[in-house]
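Chemist: quick one: sequence plus predicted model below, questions after.
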Amino acid sequence: MPIRRLPPETVNRIAAGEVVERPSSAIKELVENALDAGATRIEVQADGGGLSRILIADDGHGMAPDQLALAVERHATSKLEPDDAGDVDLLRIHTLGFRGEALPSIGSVARLTITSRAPGGDAHQITVEGGDHRPVAPSGFPGPHGARVEVRDLFYATPARLKFMKSERSEAMAISEEIKRQAMAHESVAFTLDLDGKTTLRLPAEHPGDEGRLKRLAALLGRDFEANALLIDQQREGIRLSGYAGLPTYSRGNGAHQYLFVNGRPVRDRLLQGALRGAYADFLARDRHPAAVLFLDIDPLFVDVNVHPAKAEVRFRDPALVRGLIVGALRHALHAAGHRASTTVADNVLAGFTAHSGPAFSPSAPQAQSFAPAGGYSGWVGWERPAAANQDIPGLGERTARVETTVPGFAAWPEHVSPANVPDPIDQPLGAARAQVHGTYIVAQTRDGIVVVDQHAAHERLVYERMKTQMATGSVTRQALLTPEVVELDPAEADRVAARAEELAELGLIVEPFGGGAVLVRETPALLGDTDVQGLIRDIADDLAEHGAALALSERLAEVCGTMACHGSVRAGRVLSAPEMNALLRQMEATPHSGQCNHGRPTYVELKLNDLERLFGRR
């Protein structure tokens, strides 16, 4: 068939299919244009899921009449400045909606009207219907400057596209999610969203910076996120990562509460999502997901934002640097959080209590609840310590003014603290142990409430952190295979694995090239035991292709450490003495991440005295 030049209308509609996939895509492009125009207030209206009508109004700097005509021409933009030689550097992109295709693409498949006024000028408008441009004409504009972009009957010129649209409700939800993302990235801009005549979102402008950003995120994600978010602010080699990440115990069942931005642009990037998942790998089960809103600011030269027509994906020049920054910054914040657990844990506990208005105790009825008192405290006089409690527990020990133990392992207080000046346990964050319930839960008293600790989950985390420290301070023990194993890969995969041989050796895995398309494995980490070498190497090859790091091996080592910590920790049902319980509490306070076990479940619940008073109607 002969080669033909496509008509301009067809070209515009093809471009529209790339840029404007659905109503929320059109709104994204129009909102980004408003932000690039310096708007401090953006109003969005959508009817019929955005298919019937979309209106974007802003108070940006607006456009003069001659600029209106150019705005709806393909490849016309005010956001790319040519140099003296007339060349445009497409790598230095400092704006959001830099592609000069959104407005003409929308106009080719819908009825588009743009009304605008530049500062000190008169208002004009231009209309485009199905690619047909009308002349620029005078018009009114309710404000000193800005723009109003109205889109009616989206995709009326391409009826086949309408068949692929979802329900109006689904499209409206996508629009709401898009506005939320834009509002997260621009806390100093006020946003209003009306869906079918009803205001669903009204966000005032906040002060730029961490405080204003957190207020904006609280308005969008809820006060629980604000109460359980950790501030992130780290830089490495000119790249800055900022934002907020939730505590591990504030995890979710899916990744819907993960928002990632690159230079103010919301993205869905596998590298960034993988780095976020990797940072929490030590703290969450595989079916749990962290909540986070992260902003990456990077020189435009080191990131390509034009790899996707809708700019939803990016490509980094140095993905390993970016991944390392994200993982390191998040782990630093989680480490600094210490034993802190999310406030929602206590809220869930309070919601589970049932008030009784009448007597519920029968003297003749058998009582299922059993207490092992923490002897030596008032209220438990006369109780005897069970014989089983005399057994030593590895990893626990405590020195107090009244009790001296010689149990090897963890010390409850730093070495320079003598028994004479040990602070009163009740003044410590997790308080003083008062009882053990059902051989599983430690009940402690603080100055302003109580703490309930899951002894097995807590000690599991302590043992796990100790094992990680030992791994960090010494080399990983390796075991030689009786017969070196040859793993067949495709040539590119084999080259990637062989190129990382030195890094893999630090993790205890010794590999070397073995001809074309294969690697030879001589040693594996002893912690892995009798492992599936073939599957391990193939998983590492896949991870290197996707992330450029041996994530599979480190994750497997973490899982093995977690399993060993689980078997080496105090089991549920084990009766503990008062010194042992207090030693566990003190070590939790001194150990990072002890607020959750290795699977992300809380290790303790704290109820304040005010909470207890509300439960009993005292407040």
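Modeler: That came through, no problem.
Chemist: middle-most residue in the chain, spatially?
Modeler: Averaging the C-alpha coordinates of the chain gives a centre point, and the residue nearest to it by CA atoms, centre = their mean is Ala292 (2.8 Å).
Chemist: gap between the closest residue in space to it that isn't next to it in sequence and Met184?
Modeler: In space, not counting the residues next to it along the chain, Ala292 is nearest to Ala245; the distance is 4.1 Å by CB to CB, 6 or more residues apart in numbering. Every residue, glycine included, has its C-beta placed from N, CA and C. When CB to CB, to the nearest Å is applied, the distance between Ala245 and Met184 equals 14 Å.
Chemist: tell me which of these two has more neighbours.
Modeler: Neighbours per residue, other CB atoms under 10 Å: of Ala245 and Met184, the larger number sits with Ala245, 26 against 22.
Chemist: I figured that one hits Asn228, correct?
Modeler: No. In this structure Ala245 lies outside contact range of Asn228 using CB atoms under 8 Å: 9.7 Å.
Chemist: and stretch 314-323, what's buried?
Modeler: Applying a neighbour-count criterion of 16 or more other CB atoms under 10 Å, the buried positions in stretch 314-323 are Val314, Phe316, Pro319, Leu321, Val322, Arg323.
Chemist: dump the residue contacts of the fifth one.
Modeler: It stands for Val322. Counting by CB atoms under 8 Å, 6 or more residues apart in numbering, Val322 touches Ile239, Leu271, Leu272, Ala275, Leu296, Ile298, Phe316.
Chemist: now stretch 425-436, how far from the chain's geometric center?
Modeler: On the basis of CA atoms, centre = their mean, to the nearest Å, stretch 425-436 sits 33 Å off its chain's mean C-alpha point.
Chemist: Pro2 - how many residues pack around it?
Modeler: Counted by other CB under 10 Å, the residues lying close to Pro2 total 3.
Chemist: if I look at it, how far off is Glu9?
Modeler: Pro2 is 20 Å from Glu9, by CB to CB.
Chemist: swap in Val189?
Modeler: Using CB to CB, we find Val189 at a distance of 35 Å from Glu9.
Chemist: the more surrounded of those two?
Modeler: Residue environment comparison for Val189 versus Glu9 gives the larger neighbour count to Val189, 24 against 13, counting by other CB under 10 Å.
Chemist: so the more buried one sits against Glu32, correct?
Modeler: No. Under the criterion of CB under 8 Å, Val189 makes no contact with Glu32, lying 11.7 Å away.
Chemist: look up phi and psi at the nearest residue to Thr603 once chain neighbours are set aside.
Modeler: Spatial nearest neighbour of Thr603, excluding adjacent residues (CB to CB, 6+ apart): Ala458 at 4.1 Å. Torsion angles at Ala458 (phi, psi; degrees, to the nearest 10) stand at phi -70, psi -50.
Chemist: residues touching Ala458, list them.
Modeler: Contacts of Ala458 were listed using CB under 8 Å, 6+ apart, and they are Leu584, Met588, Ser594, Cys597, Thr603, Tyr604.
Chemist: would you check how far apart the residue nearest to the fourth one when sequence neighbours are not counted and Tyr604 are?
Modeler: Right, Cys597. The shortest distance from Cys597 to any residue other than its chain neighbours is 3.8 Å, reached at Ala457 (CB to CB, 6+ apart). Distance, Ala457 to Tyr604, by CB to CB: 9 Å.
Chemist: ok, the two, which is more surrounded?
Modeler: Residue environment comparison for Ala457 versus Tyr604 gives the larger neighbour count to Tyr604, 26 against 22, counting by other CB under 10 Å.
Chemist: quick one: secondary structure of Asn598?
Modeler: On the three-state scheme (DSSP: H, G, I helix; E, B strand; the rest coil), Asn598 is labelled coil.
Chemist: wait, Ala57
Modeler: strand.
Chemist: mind listing what it touches?
Modeler: Residues touching Ala57, when contacts are defined by CB under 8 Å, 6+ apart, comprise Ile42, Glu43, Gly146, Ala147, Arg148, Val149.
Chemist: just name the closest of those to Leu536, please.
Modeler: Proximity of these to Leu536 was ranked by CB to CB; the top entry is Ile42 with 50.5 Å.
Chemist: would you agree that closest one is in contact with Asp36?
Modeler: No. Here Ile42 does not reach Asp36: they are 11.6 Å apart, not a contact under CB under 8 Å.
Chemist: these two: which is more packed in?
Modeler: Neighbour comparison, Ile42 and Asp36: the larger count goes to Ile42, with 26 against 18 (by other CB under 10 Å).
Chemist: phi, psi of that one?
Modeler: Backbone phi and psi, for Ile42 under degrees, to the nearest 10, turn out to be phi -130, psi 130.
Chemist: beta partners of it?
Modeler: In this structure, Ile42 has the following beta-bridge partners (DSSP bridges): Asp58, Phe191.
Chemist: could you measure from it over to Leu203?
Modeler: Per CB to CB, Ile42 is found 10 Å from Leu203.
Chemist: Ala444 now?
Modeler: Plainly put, Ala444 is 42 Å away from Leu203 if you go by CB to CB.
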